[in-house]
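**Q** A structural model of the following input is requested.
(chains A and B)
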Amino acid sequence: MSASTPAERSPTEPSPATRSPGVPVGPWATVDAAVRRTLNRSRRRLAAVTGWVRHRWRRSLQFRVVAVTMVLGTIVLVGVGSYLYQRVANGLAEDRRVTASAEVSLLASTTQQQFDGTDKVLSADALLESARNFVQDAAGTERSRYVVLIRGANNTTQGDILPPIRSGEVDADAIPEELQTRVGENPSVQQMQIVPIKLTGEADPVPAWVIGQQVAVPRAGDYGLYFVYPMTRERDTLALVGRFLLLGAVALMLLLGGIAYVVTRLVVEPVRRAADVAQRFASGDLGERMTAKGEDDLASLATSFNEMAASIQQQIAQMENLSRFQQRFVSDVSHELRTPLTTIRMAGDLIHDSRSDFDPAVARSAELLHNELDRFEALLSDLLEISRFDAGAAVLDVEPTDIRATVARVVESTGALAERKGVQISVEEPDKPCEAEIDSRRVERILRNLLVNGIEHGESRPIVVRVGKDDHAVAVSVRDHGIGLRPGEAAMVFNRFWRADPARARTTGGTGLGLAISLEDARLHNGWLQAWGAPGEGSCFRLTLPRYSGTTLETSPLPLNPVLGDALPMRSAGSGMPARAPGAEAETAILRRVRAAADPVALTQERAAGDGEHPATAAVRGHS
Amino acid sequence: MKGRVLVVDDDLALAEMLSIVLRQEGLDASHVADGSAAVQAFRDYRPDLVLLDVMLPGLDGMEVCRRIRAESGVPIVMLTARTDTVDIVVGLESGADDYVVKPFKPQELIARVRARLRRGDEPEPEKLEIGDLQIDVAGHSVKRDGSALSLTPLEFDLLVALARKPWQVFTREVLLEQVWGYRHAGDTRLVNVHVQRLRSKVEKDPEHPEIVVTVRGVGYKAGPS
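**A** I've put the predicted structure just below:
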């Protein structure tokens, strides 16, 4: 444990305070932390760089092409460059060897002749002296070579023994043993080898040809005469060539990268433009077209794209026209009906008011006429309201309002109906004001609708209206304990003219458009109107509105499912929040337009079901 | 005195029906079908109230409303088949005091007409002050520094309602009931539009009102004297 260095300690290890007391923790902890910080920082930086590269690699075709070109180019250039360099180096060495070898043959035979011409009775000192002279002669004066005379490896002559003689700074140690052996074994031919030689004035050893040839020295036997040719010039030439090769390679690499960049740009740029155009087209800008120039592949891509776009645009326009015509028709019919209806209504009321003067059958008819006129009127105004939403003509008129006041007004106005039905309505609300920017006319209409529905289907059992608020939203839920909704019905209650049970007699005679209008009203607020219900448990409708107009809702202050919600805290009720239909988030504008044009009803009924909270829960969220 | 109502509507059946209902209520009614003839009919008939259809041949209802308003403060009630916010607001801004949406119930229409005609029945010698304005309720005049401001009867009523209880904040619903005579919930946009119109006449700077002050989230109140 104590042997582990700070840097090796795993980050999950307990803090120093909890470790065994024998370990010196104080200073180590500081160092440990510093080391870990540095490590972490560089690791983070590395991760950032690799992350960037990986991101670019994934996202940019151009980056990929340029990178691959550069990597392959480097491999090829390194191979070719090394080969060329090797060839030049070999050529230079070979050149040097040929000239040196010829020179050595000449010089060696001259030296041999000189030795042969010496007096056989010279003293040892005189012999040494002449040998030195001969070596100096062989080395010459141009200092391009060094000469060393060493006693041969197989020399067993018991005469005079000459010490190694050298002409310059290269001494006998520089001549490899192996070369000496070879000269001894094969005296008739030159032996040569490249050996690095240390020379004064040179930082690194210089490669040099060492060429050895045997000479016979009178009274002293066979000696190796070694010529050392340093390849200083060749080395410099080679270094220069190397530098040029490297420079050329780098330049070539950059050029290659640049070419790859330009070429891919030529291809990628139009593709990117095409992608941009397609993106804009998909987001609803149907007039978007690509520019098709020339006759190449990209031009044909552009042409095909444009043809497709034109065809889509035409079809959408057709459908939009149709649907606009349809909406317009509904609106016009409704308006045109209003004036005669007003006259009928007034006449009907006049007759209704004096029905006591008629015989019973006519009087009853007057009553029926009167009542049905009410229904007809309600239906007409609901139709008009819906057609206004469909035409996108509905305008939100928001004002900061305490929603509790709105709730109170609605509860009051539905009081008479509730009393008639024997339904008790209780309101649970916070003591604090629940202010939100809402269009109180619309919110009132929603709440009245929910409450009237609750009273109608509540089987005379009590209804609970809850008001909730948090920092971002206010919510009102209307909970009844009536027949409830069957699985799947919660998704359908917002449909136009949908009826829970077609066989059931209608008592209050709703138009069948109430919840559809309420849904549109909620959506106009960017709010949610959701339904929950279970057979025998009753149902719960929850309206959630953002407190500030234009913001988006994420959670609701009230639970939708009262059965679950009563047992759970508010927050987790939010987790059971019905999600939007899968893919709805990614649904593009164009798709919505197509759907809206194809079926004006569909647009108003995006909903999600089967969210796990309860089988019969539906959610509809406002689209911005 | 019998109230005189001018009905301007191109639908003959509806106009006749309206006349029947109005006469049943003891009012005198005259009818004109064409917008371009409406202003002249107004001058000849000198009605106490105008029922005006928005969609008219010749001259449209908004324009007729503007021309009548230019020469008289007589109450104008619009009849409209369209409930679109824009239509109603434009109608109110062109000078209408109130509006009724087709199809309406006869009682509803009569209530609106009565509410507009009733004003002025109870003249009381009362002087009020609001901001730097002096109001003579009986004399139906509003003066600032001695010079009279020209208000329509409805605008005058609105100002008087606020000035009578300067300590009170009036919700739009309360004003609808007191000034327009709505017994149930009405369209609060009526209040908004007419407060704007009133401000444009009585405020020194309508952008920063000092006489009719908005109380955010509640309604309006009279400014400090």
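
**Q** The closest residue to residue B:62 other than its chain neighbours: how many residues sit nearby?
**A** When the adjacent residues along the chain are set aside, residue B:62 lies closest to residue B:94, with 4.4 Å between them (Cβ to Cβ, 6 or more residues apart in numbering or on different chains). Any C-beta I mention is one placed from the backbone N, CA and C, and that applies to glycine too. Look at residue B:94: counted by other Cβ atoms under 10 Å in any protein chain shown, it has 21 neighbours.

**Q** Spit out the contact partners of residue B:94.
**A** Going by Cβ atoms under 8 Å, 6 or more residues apart in numbering or on different chains, residue B:94 touches B:62-63, B:65-66, B:69.

**Q** Nearest to residue A:216 among those?
**A** Top of the list for closeness to residue A:216, among these and by Cβ to Cβ, is residue B:62 at 136.5 Å.

**Q** For the residue nearest to residue B:62, give me the pLDDT.
**A** What the model reports for residue B:94 is a pLDDT of 85.

**Q** Which of the contacts of residue B:94 are buried, as a PyMOL select command?
**A** A single PyMOL command is used to select the members of the contacts of residue B:94 judged buried by 16 or more other Cβ atoms under 10 Å in any protein chain shown:
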select buried, chain B and resi 62+63+65+69
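
**Q** Next up, phi/psi of the residue nearest to residue B:62, please.
**A** For residue B:94, the backbone dihedrals are phi -80, psi 0 (criterion: degrees, to the nearest 10).

**Q** Mind picking out the helix or strand in the chain with the poorest mean pLDDT?
**A** Picked chain A for this. Every helix and strand in chain A was compared by mean pLDDT, DSSP states H and E; the lowest is helix A:570-575, with a mean of 34.

**Q** if you could check chain B rather than the one you did, that'd help
**A** Among the helical and strand segments of chain B, the one scoring lowest on mean pLDDT, DSSP H and E is helix B:85-93, with a mean of 75.

**Q** Any idea how far that one is from the middle of the chain?
**A** 13 Å (Cα atoms, centre = their mean, to the nearest Å).

**Q** From the contact counts, what lies against it?
**A** When contacts are defined as 3 or more Cβ pairs under 8 Å, 6 or more residues apart in numbering or on different chains; DSSP states H and E, helix B:85-93 sits against helix B:61-71, strand B:76-80, strand B:98-101, helix B:189-202.

**Q** which one of the ones you listed is the most hemmed in?
**A** Comparing the helices and strands packed on helix B:85-93 by mean neighbour count (mean count of other Cβ atoms under 10 Å in any protein chain shown), strand B:76-80 ranks first with a mean of 25.

**Q** Now do the domain split for chain B, please.
**A** For chain B, the domain assignment from automatic domain parsing gives the residue ranges B:4-118, B:127-222.

**Q** so what secondary structure elements neighbour the helix or strand hosting residue A:38?
**A** Secondary structure from DSSP states H and E places residue A:38 in helix A:26-59. Judged by 3+ Cβ pairs under 8 Å, 6+ apart, helix A:26-59 is in contact with helix A:61-116.

**Q** how far off helix A:61-116 does the helix holding residue A:38 point, in degrees?
**A** Between the axis of helix A:26-59 and that of helix A:61-116 there is an angle of 110 degrees, by axes from the mean of the first three to the mean of the last three Cα atoms, to 10 degrees.

**Q** Could I get the buried residue list for helix A:26-59?
**A** When neighbours are counted by 16+ other Cβ under 10 Å, the buried residues of helix A:26-59 are found to be residue A:32.

**Q** Give the rounded mean pLDDT of it.
**A** 83.

**Q** Quick one: the strands in chain B, in order.
**A** Here chain B has its strands, by DSSP state E, at B:4-8, B:28-32, B:49-53, B:76-80, B:98-101, B:127-130, B:133-136, B:141-144, B:147-149, B:170-171, B:212-215, B:219-222.

**Q** Let me have those strands in TSV, extended by mean pLDDT.
**A** As requested, those are arranged in TSV below (pLDDT from 0 to 100):
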stretch	mean pLDDT
strand B:4-8	92
strand B:28-32	91
strand B:49-53	91
strand B:76-80	88
strand B:98-101	86
strand B:127-130	81
strand B:133-136	85
strand B:141-144	86
strand B:147-149	85
strand B:170-171	89
strand B:212-215	88
strand B:219-222	88
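
**Q** Now for the closest residue to chain B within the stretch 451-600 of chain A: which residues touch it?
**A** At 12.1 Å from chain B, residue A:524 is the closest residue in the stretch 451-600 of chain A, using Cβ to the nearest Cβ. Residue A:524 sits next to A:389, A:394, A:396, A:439, A:442, A:622 when contact means Cβ under 8 Å, 6+ apart.

**Q** Just the ones of these in helices?
**A** If you go by DSSP state H, the contacts of residue A:524 have A:389, A:442 in helices.

**Q** Right, I'll leave it there.
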